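Chemist: what shape does this take:
(2 chains)
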Protein chains: 2
Amino acid sequence: METKLNELKSRLTEVYELRCVTALLNWDQATYMPEGGAAARGRQMAVLEKLSHEKLTDPAIGQLLDALQSDEESLPYDSDEAGLIRVARKEFDRATRVPAEFVAEMTNHFSDTYQVWIQARPANDFSMVKPYLEKTLDYSRRFAEYFEYDHIADPLIDAFAMEGYQTETIRGLFSDLREQLVPLVKQVTAQEPADDSCLRQTFPEQQQWDFGLKVIRELGYDFNRGRQDKTHHPFMTKFSLGDVRITTRLKENYLAESLFSTIHEAGHAMYEQGIRVDLEGSLLAEGTSSGVHESQSRLWENIVGRSRGFWEHFYPQLQETFPEQLKTVSLDTFHRAINKVEPSLIRTDADELTYNLHVMIRFDLEVDMLEGKLAVKDLPEAWRERYKRDLGVFDPGDRDGVLQDVHWHFGPIGGMFQGYTLGNILSAQYYEAALKAHPEIPDQIRQGRFDTLHGWLRENIYQHGAKYTAQELTERATGSPLTIDPYVRYLKTKFGELYAL
Amino acid sequence: METKLNELKSRLTEVYELRCVTALLNWDQATYMPEGGAAARGRQMAVLEKLSHEKLTDPAIGQLLDALQSDEESLPYDSDEAGLIRVARKEFDRATRVPAEFVAEMTNHFSDTYQVWIQARPANDFSMVKPYLEKTLDYSRRFAEYFEYDHIADPLIDAFAMEGYQTETIRGLFSDLREQLVPLVKQVTAQEPADDSCLRQTFPEQQQWDFGLKVIRELGYDFNRGRQDKTHHPFMTKFSLGDVRITTRLKENYLAESLFSTIHEAGHAMYEQGIRVDLEGSLLAEGTSSGVHESQSRLWENIVGRSRGFWEHFYPQLQETFPEQLKTVSLDTFHRAINKVEPSLIRTDADELTYNLHVMIRFDLEVDMLEGKLAVKDLPEAWRERYKRDLGVFDPGDRDGVLQDVHWHFGPIGGMFQGYTLGNILSAQYYEAALKAHPEIPDQIRQGRFDTLHGWLRENIYQHGAKYTAQELTERATGSPLTIDPYVRYLKTKFGELYAL
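Modeler: Now for the predicted structure:
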């Protein structure tokens, strides 16, 4: 068994390293690559994807997995070995269904389409991306067709949002959540909106940058194993457990932009940095699904980073950094400003309450496109209509409409957004469990101590990497399957207090 | 034939792309990678080297090359197809001799040793690198042993400096050149050394950076297909013909450091940027050997960049950039300062005349180590002794002694330095040929026009990539094999005028 297991490990390490290298190519493309590099970069990513796909789908891996089947049953379920075999089997099964050539072609297409999108968005020109998006929809459907499914979006959700969750399940969850959210949004927006003009002064970029780095250093992001750079769209990426990078985007006239995106991405990064080092090089050395990943970014960004206690610690330092702008702004005003609820056009700028409505719109549009009910050419109009109906906002252009997100211009249609709301739901469920174990956490946060919370997350979430599925991990960490109750409780308490409901 | 040729091309494209990706991993390691990423980066480069080695040595390539043998003879020698087959055969033959596992292991070792060197050098601690260097020597010898050779350094010179040149040939060339150089150095150093205090004032880094970029933009470096970053040791690297990057190193108190390194690396980069785009993705899409490559960096850095005509154009702009520092410094004083001849410790700081003596010391020490006459432990002492004897300079430490160059801490011992002097020799030979075709070039340079020279180089050197060997290219471009005569003429004229000999 040991020989077989070692051979499996060594073969999978190559797959893992090739993926890490692909991530570096992506990072470079988004940060420093000159324009002229784009065409070749697409080809290079395609070559790497093809190779890692070939390596993963090598028949020798299938044979090793077959030969290890009986051993797997005798290994403790919680052992790394059993976990590795489980994950390898899942990945092998998924990958053998999708031909390497198809993956290479699709990756190449995503690289091209991204280059078009970064020009189309500032140009407010949907027609530039339209043919690319049509091809993306076609690729997404063809991807799904390699699997058996109840709904065509299921394989995409399984692969890209959260394993084991289906379109119908998510529809149900989203519908339950919407029932709770809509009246809450109504109650809040019936009141005078919070005044966030204090965030909309001039804040020199370098000081914003420095302050953001200072904050995440205190939260526990390890700069010996990471760094921050600037990109159009912030993201976290990992080239090894010792090199987990984040990016941010700065706006001189809006303080909340870079600050919260930095905390958000650091949340993702601390998850990856917290994976047990002895899992390095194996397929277990990554977060278990984008839903769980998002729970970690949201937990730090929203539950911690927009809490009053957090700013009791950090606000005096922020005032010191920007004395001219914030000297006369009270903590209460600032806290209300960063929690302003107002239906708006841009998902990434949305407040915690309306954010999920943005996600639900995308989910419905994705499903409609995949089902063939909505053509790409009609997408901008459908987008505007839903925004008017659900959020009461309207913009005649596409730049802040359908072109606002990178996702459909960098990956498939389907499975790309649901993880955000699933993550929101999970973030509250995990935080409630952490507080049950350590009721002192909120007091510590007020004092600028984040180690107990960080430690609980490392112990219960981070360290395991991909060993457990989202469901398994959630039950182990919280004693319950995924449930919207803690999230609804959290929102009602927080916004109830803020708006004296 | 066409089918076979296309299959060969497509297989070799994968090799080419994997090499480009490896180059990106290297670049990232030298520019932005956090410390924690080093261990995994070594593994990743090893995986990529192993893969590209596997791809290159695939028996299918051998079969294709055999099958194409007769076609190759019927193809015009100058055709891209014949060139590709020639280069592919050479690379295949070389690579099949060296096992993939060995290459992977050696690459991994180089990555580790580089990380040690960047700490050992500032710490002035040779003992840190000693065990690594011993392993490097061992790897270098084992590398050579995979080949047949007259001298153990031959395979390393062939692979890393200039194909087809052997230890004995280089000994001869270097000895002829030394005979000319030593009396010239003596004549010059018998005089009062030039005053270069004008270069040793305080020059803010950002302005140095901006001025360097401005210069190379005028020379013809294309920023849409490249960029400059900062590293410990400046270098040029290519990820595609559309993405050819350079790096530099800035010293606030020495103006010549970054300026000439930027021009130097831009010279390398213009070579790669000038390769015919229809060679992209093939093994022909790179410079033909490090010797020829160096001829291009030296030509721009020294023959052009340290000429009086060049500064007739740029010096007024430099004075405008640094009015306080240079307002009262005459062009003559500046021109003498950047051409100051003075035996010194550091190769990269050396003037044009003594530079080659640094290279010759390294060549002899490399050969001695490879022959087993010199142990790594005795290298620092041998280094000091030779510097005292050949250059009359002595430093008790190792930081500016044996630890000064990155080369032995990043690649094999042997073949790493000779290219610099071969490049110097070739740079003058090419420039003389360009002037024979376009006698107006020096006048144009005085007016800040570099397009005729750039065009001649593109036409006669750059565009061909690796299609011709150094010998072939040199004969085609200059009508003669490599000869030291133009270089000696150039040095005697230039320093004869500067020092009124």
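Chemist: phi first, then psi, for residue A:201.
Modeler: phi -100, psi -170 (degrees, to the nearest 10).
Chemist: who's in contact with it?
Modeler: A:253, A:255, A:325 (CB atoms under 8 Å, 6 or more residues apart in numbering or on different chains). Glycine gets a C-beta too; all of them are placed from N, C-alpha and C.
Chemist: gap between the nearest residue to residue A:260 once chain neighbours are set aside and chain B?
Modeler: Closest residue to residue A:260 apart from its sequence neighbours, by CB to CB, 6 or more residues apart in numbering or on different chains: residue A:301 at 5.4 Å. Distance of residue A:301 to chain B, computed by CB to the nearest CB, to the nearest Å: 22 Å.
Chemist: hang on, isn't residue A:301 packed against residue A:267?
Modeler: Yes: with contact defined as CB atoms under 8 Å, residue A:301 counts as touching residue A:267 (6.0 Å).
Chemist: in the stretch 201-350 of chain A, which ranges drop under the pLDDT threshold?
Modeler: Residue ranges of the stretch 201-350 of chain A with pLDDT under 70: none are present.
Chemist: spell out which residues of it are next to chain B.
Modeler: Taking CB under 8 Å from any CB of the partner chain as the contact definition, the stretch 201-350 of chain A meets chain B at A:222-227, A:229, A:239-243, A:245, A:280-281.
Chemist: of those, which is the nearest to residue B:468?
Modeler: When those are ranked by distance to residue B:468 (CB to CB), residue A:239 comes first, at 38.0 Å.
Chemist: need the three-state assignment for that closest one.
Modeler: Classification of residue A:239 using DSSP: H, G, I helix; E, B strand; the rest coil returns strand.
Chemist: surely it is in contact with residue A:22?
Modeler: No: checked against CB under 8 Å, the pair residue A:239 and residue A:22 is beyond contact range at 9.7 Å.
Chemist: phi, psi for residue A:32 please.
Modeler: With angles defined as degrees, to the nearest 10, residue A:32 sits at phi -120, psi -10.
Chemist: quick one: it and residue B:228 touch, right?
Modeler: No: applying CB under 8 Å, one finds residue A:32 not in contact with residue B:228, separated by 10.5 Å.
Chemist: so for residue A:301 and residue A:267, which residue has more residues nearby?
Modeler: The residue with more neighbours, out of residue A:301 and residue A:267, is residue A:267; 30 against 23, by other CB atoms under 10 Å in any protein chain shown.
Chemist: returning to what we had before: residue A:239 and residue A:22 - which one has more neighbours?
Modeler: Legend: neighbour count by other CB under 10 Å for residue A:239 and residue A:22, higher for residue A:239 (26 against 22).
Chemist: which residues does that one contact?
Modeler: By CB under 8 Å, 6+ apart, the neighbours of residue A:239 are A:20-21, A:23-24, A:27, A:245, B:33, B:37, B:40-41, B:44.
Chemist: could you redo the last one with a cut-off of 7 Å?
Modeler: A:20, A:23-24, B:37, B:40 (CB atoms under 7 Å, 6 or more residues apart in numbering or on different chains).
Chemist: just checking, residue A:147 touches residue A:96?
Modeler: No: using CB atoms under 7 Å, residue A:147 is not in contact with residue A:96, being 11.2 Å away.
Chemist: give me the residue from the stretch 351-500 of chain A nearest chain B.
Modeler: residue A:465 (14.9 Å; CB to the nearest CB).
Chemist: let's have the contacts of residue A:239 in a markdown table, adding distance to residue A:410.
Modeler: Formatted as a markdown table, these follow (distance: CB to CB, whole Å):
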| residue | distance to residue A:410 |
| --- | --- |
| A:20 | 18 |
| A:23 | 13 |
| A:24 | 16 |
| B:37 | 24 |
| B:40 | 24 |
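Chemist: shouldn't residue A:229 be within a helix?
Modeler: No: under three-state DSSP, residue A:229 sits outside any helix and is assigned strand.
Chemist: hey, what's it bridged with?
Modeler: residue A:247 (DSSP bridges).
Chemist: looking at it, it is touching residue A:33, isn't it?
Modeler: No: taking contacts as CB under 7 Å, residue A:229 lies outside contact range of residue A:33: 11.9 Å.
Chemist: surely residue A:202 is in contact with residue A:252?
Modeler: Yes: checked against CB under 7 Å, the pair residue A:202 and residue A:252 is within contact range at 6.0 Å.
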